[in-house]
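Visitor: generate a structure from the sequence data that follows.
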Amino acid sequence: MPLTRQAMHDQGEDLHIGVWPFAKGMHHLASRTYAIEGRCHVVAVGQIMHMNELPNGMNISDSIKIDSTGLLLKGGSAIYGPDGEPIIKPVYNERKVIYSELDLRTNTKEYMNLAVSGHYQRPDIFGFEVNKKR
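Guide: Next comes the predicted model:
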């Protein structure tokens with residue numbers, strides 16, 4: 001959702017939380033890209049869920065392969081810095097709270113390399129408006 005991302009970047013977020021059903025490779029790529037574009041820290045949250053936690057009467061498709069762990073959603077939570085590099089690498093197959101003390105001053109430093117909401121945005125050519133009416 002490029003326009004939604006741009007609207008968030010224009011607000012100058014320091015920290016973005018991305019919640020995924022199960023944070024796989026493509027979700028980590030998207031989270032790292034978000035961190036690089038927005039020059040912000042990103043917490044990618046991957047949910048974890050065991051088969052026995054499904055509501056009674058709910059079945060899953062036979063096409064979904066469940067391994068010996070019985071996990072339907074395998075987590076994958078991670079934290080990325082504003083340069084896109086992992087601060088905490090993805091954690092799979094375990095219920096674990098990840099946390100880190102973040103130095104948000106590094107966000108400002110990274111704007112020297114790329115600033116999608118600064119002069120690169122070319123307001124002389126492009127206009128971007130967000131309808132905030134609800």
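
Visitor: by mean pLDDT, flag the weakest helix or strand of this structure.
Guide: helix 105-110 (a mean of 87; mean pLDDT, DSSP states H and E).

Visitor: buried ones in that helix, by neighbour count?
Guide: Buried positions in helix 105-110, judged by neighbour count with 16 or more other C-beta atoms under 10 Å: 107, 110. Any C-beta I mention is one placed from the backbone N, CA and C, and that applies to glycine too.

Visitor: ok, now stretch 32-47?
Guide: 32, 34-46.

Visitor: from the chain's centre, how far out does the lengthiest helix in the chain sit?
Guide: Ranked by residue count under DSSP state H, the longest helix found in the chain is helix 25-38. How far helix 25-38 lies from its chain's middle: 6 Å, per C-alpha atoms, centre = their mean, to the nearest Å.

Visitor: kindly report the same for stretch 64-82.
Guide: For stretch 64-82, the distance to the chain centre is 14 Å (C-alpha atoms, centre = their mean).

Visitor: how about stretch 81-94?
Guide: 10 Å.

Visitor: beta partners for residue 43?
Guide: residue 17, residue 79 (DSSP bridges).

Visitor: got a pLDDT number for it?
Guide: We note a pLDDT of 98 for residue 43 in this prediction.

Visitor: dump the residue contacts of it.
Guide: 15, 16, 17, 18, 77, 78, 79, 98 (C-beta atoms under 8 Å, 6 or more residues apart in numbering).

Visitor: ditto for residue 30
Guide: residue 18.

Visitor: separation between it and residue 18?
Guide: 7 Å (C-beta to C-beta, to the nearest Å).

Visitor: what does residue 118 give?
Guide: Residue 118 sits 23 Å away from residue 18 when distances are taken as C-beta to C-beta.

Visitor: between the two, point out the one with more neighbours.
Guide: residue 18 (18 against 10; other C-beta atoms under 10 Å).
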